[in-house]
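*Asks:* Need the 3D shape of this:
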Amino acid sequence: GIVHLDCNGVNQFGLNEIVQQFYETLVDRDATGEVKPLLIKDIKVSDDGLVHTWTLQSGVKFHDGTDFNAEVVKWNLERKIEKKLPMWDMIPFDKIEVVDPLTVKVTLTRPYPAIYNVLHIKTFSMYSPTFVEKVGDDALKSQAVGTGPFMVEEYVPNEYLKLKRNPNYWQKGLPYLDEIIYRVVPDANTRAI
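*Replies:* The predicted structure follows:
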């Protein structure tokens, strides 16, 4: 079910399935289960495994028009760490640096081969800093501004979540649908029917 829309603040399987329609992570899994780049376009790792340099997708915008860039990645990861949100300490971050608008350099305190297995989890979704700073953390439970193929149109807790197509989605030709409606059916017997 949908506990609320703030996937950075909770790591819950049912919610993770839904939020990927409007929030995106830096990497994702493909149909075979392999981790592949998503908002990151290219990954370079130093020989010692400590420095990960990420080249980001260009031309990606959040639903509120905010540019997705290196500053945004740094802001999201640092917010996760500072607020000690779920899984914040799984990755041994040392430094997160902005090299240029589309390049982020992440230095780890020790090699951590599972970094991308962790970053694909939806609790590491990228939020629009402009939006978060405008509405505050509490509002993130009922509103969302991501880079995903759909935008949150209306959310009525315990009833439904209505998503509409993102007309400016960065992956050309997607999404295929105009809208998605998730209805919350709390009663297990009703759901079974």
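
*Asks:* What are the boundaries of the strands in the chain?
*Replies:* Listed in chain order, the strands of the chain (DSSP state E) span 27-29, 35-37, 40-45, 51-56, 93-100, 103-108, 150-156, 160-165, 179-183.

*Asks:* any chance of those strands in TSV, plus mean pLDDT?
*Replies:* Formatted as TSV, the strands of the chain follow (pLDDT from 0 to 100):
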stretch	mean pLDDT
strand 27-29	96
strand 35-37	95
strand 40-45	98
strand 51-56	98
strand 93-100	98
strand 103-108	98
strand 150-156	96
strand 160-165	96
strand 179-183	93
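
*Asks:* need the ones you listed in a markdown table with distance to residue 131, can you?
*Replies:* (Each C-beta comes from the backbone N, C-alpha and C, glycine too.) Below are the strands of the chain laid out as a markdown table (distance: least, CB to CB, whole Å):
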| stretch | distance to residue 131 |
| --- | --- |
| strand 27-29 | 22 |
| strand 35-37 | 24 |
| strand 40-45 | 21 |
| strand 51-56 | 19 |
| strand 93-100 | 20 |
| strand 103-108 | 20 |
| strand 150-156 | 11 |
| strand 160-165 | 16 |
| strand 179-183 | 21 |
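
*Asks:* Which one of these lies nearest to residue 65?
*Replies:* strand 150-156 (11.7 Å; CB to CB).

*Asks:* Run through who's touching that closest one.
*Replies:* 5, 21-22, 63, 142-145, 160-166, 175, 177, 179-180 (CB atoms under 8 Å, 6 or more residues apart in numbering).

*Asks:* Give the buried residues for that strand.
*Replies:* By 16 or more other CB atoms under 10 Å, the buried positions in strand 150-156 come out as 150-152, 155.

*Asks:* Stretch 172-192 now?
*Replies:* For stretch 172-192, by 16+ other CB under 10 Å, it's 175, 180, 182.

*Asks:* If you drop the residues flanking it in sequence, what lies closest to residue 164?
*Replies:* Spatially, and ignoring its direct neighbours in sequence, residue 164 is nearest to residue 153 (4.5 Å; CB to CB, 6 or more residues apart in numbering).

*Asks:* Ignore what I typed, I meant residue 55.
*Replies:* Using CB to CB, 6+ apart, the nearest residue to residue 55 is residue 42, at 4.1 Å.

*Asks:* And for the one you found, the neighbour number?
*Replies:* If you count neighbours by other CB atoms under 10 Å, residue 42 ends up with 12.

*Asks:* Residue 103: how many residues sit nearby?
*Replies:* Residue neighbour count, defined by other CB under 10 Å, stands at 17 for residue 103.

*Asks:* Sorry, wrong one. I was asking about residue 9.
*Replies:* Per other CB under 10 Å, the neighbour tally for residue 9 reads 17.

*Asks:* Quick check: the closest residue to it other than its chain neighbours vs residue 138, distance?
*Replies:* Nearest non-adjacent residue to residue 9, counting by CB to CB, 6+ apart: residue 85, 5.7 Å away. According to CB to CB, to the nearest Å, residue 85 stands 14 Å off from residue 138.

*Asks:* All good on my end, thank you.
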